[in-house]
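*Asks:* Coordinates for the following, if possible.
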Amino acid sequence: MAVTRAEIANRVLRRCGVLAFGQAVDSNRTNAALQAYDEVYAYLDNLDIVDWGSTASVPDEYVFFVVALASKSLGSDLGMPAARKADINNDARTAELDIRRVFNNAYTPDDTKVVDF
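*Replies:* Residues are numbered from 1 along each chain as shown. Here you go, the predicted model:
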């Protein structure tokens, strides 16, 4: 089952330590998380990886990647502890590589050397 944009924002806020399960969050933080999602969507769309609309629900196979990347985008503005920030940065780095590898046929890792013959 696909995940709505609003639920992605909630997952991002939970990942960043701003929102606990069952807790409400203020509209400013929700809007910031939605903006982080929009930035990630635009980035993935630019890579020609997305196959859903910007306001549509995110397909299950993309949710982890989108939450990880949006958490990194939002996290720098929240003043979170260094350990949480490092975890989020590592997740985002892994998500970036994995999403390109899994969903983009034109993926080439950085360490691949192209040689013209």
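*Asks:* how close does Val66 get to Asn89?
*Replies:* To Asn89, Val66 is 16 Å away according to Cβ to Cβ, to the nearest Å. Backbone N, C-alpha and C define where each C-beta goes, glycine included.
*Asks:* Which of those two has more residues huddled nearby?
*Replies:* Neighbour tally, Val66 and Asn89, criterion other Cβ atoms under 10 Å: the higher count belongs to Val66, 24 against 15.
*Asks:* List the buried residues of whichever strand or helix holds that one.
*Replies:* Using DSSP states H and E, Val66 sits within helix 60-75. The neighbour-count check on helix 60-75 (16 or more other Cβ atoms under 10 Å) flags 62-63, 65-75 as buried.
*Asks:* which of the residues in stretch 33-50 are buried?
*Replies:* Across stretch 33-50, burial judged by 16+ other Cβ under 10 Å covers Ala33, Leu34, Ala36, Tyr37, Val40, Tyr41, Leu44, Ile49, Val50.
*Asks:* quick one: average pLDDT of it?
*Replies:* For stretch 33-50, mean pLDDT rounds to 92.
*Asks:* Residues in contact with it: which ones?
*Replies:* When contacts are defined by Cβ atoms under 8 Å, 6 or more residues apart in numbering, stretch 33-50 is touched by residues 5-6, 8-10, 12-13, 54, 62, 66, 69-71, 73-74, 99-100, 103-104.
*Asks:* ok, 7 Å please
*Replies:* 5, 8-9, 12-13, 54, 66, 69-70, 73-74, 99, 103-104 (Cβ atoms under 7 Å, 6 or more residues apart in numbering).
*Asks:* Could you list every helix and strand that the longest helix belonging to the chain packs against?
*Replies:* Under DSSP state H, the helix in the chain containing the largest number of residues is helix 82-103. Using 3 or more Cβ pairs under 7 Å, 6 or more residues apart in numbering; DSSP states H and E, the elements in contact with helix 82-103 are helix 60-75.
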